[in-house]
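Participant: kindly generate the corresponding structure for this input.
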Amino acid sequence: MGIAELIATLEAATGPDRELDAEIAMQNVSLLRDLPRTEAGGWTHPEWGKIAPASEYTASLDAALTLIPQDYGWCVSGGYNWQHGHAEVGKHKALGATPALALCIAAMKARA
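Facilitator: Numbering: from 1, shown residues only. Okay, here's the model as predicted:
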């Protein structure tokens, strides 16, 4: 999945998604792109064995914050009961089903 397709998929997401977490990780860690995936959302390396699953970027604001490029300003807000989110990373704005998803979208736009 390319970054444009990933952003579109994140925009359509209705909540946290472990498959999307893995796709985000693959976009940000080139080593993972060519490795086989495990059922648990991790990867298998021929020499190292199983590699831990991706962070829960789409569920956790703390994890999503790690996606923001260094030296970029950011903000995030959420609606009632943290449903629906708005985020900005640098000049990139995003809306998402949750604040964490919005922050993922804005961070991936900034990285594109």
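Participant: so in terms of bridging, what pairs with the closest residue to Pro99 other than its chain neighbours?
Facilitator: Leaving aside its sequence neighbours, Pro99 sits nearest to Gly85 (C-beta to C-beta, 6 or more residues apart in numbering; 3.3 Å). Every residue, glycine included, has its C-beta placed from N, CA and C. Beta-bridge partners for Gly85, by DSSP bridges, are Gly78, Gly96.
Participant: Gly85 touches Lys93, doesn't it?
Facilitator: No - between Gly85 and Lys93 there is no contact under C-beta atoms under 8 Å: 11.4 Å.
Participant: who's more crowded, those two?
Facilitator: Higher neighbour count among Gly85 and Lys93: Gly85, with 24 against 14, using other C-beta atoms under 10 Å.
Participant: ok, that one - contacts?
Facilitator: Applying C-beta atoms under 8 Å, 6 or more residues apart in numbering to Gly85 gives the contacts 76-79, 95-103.
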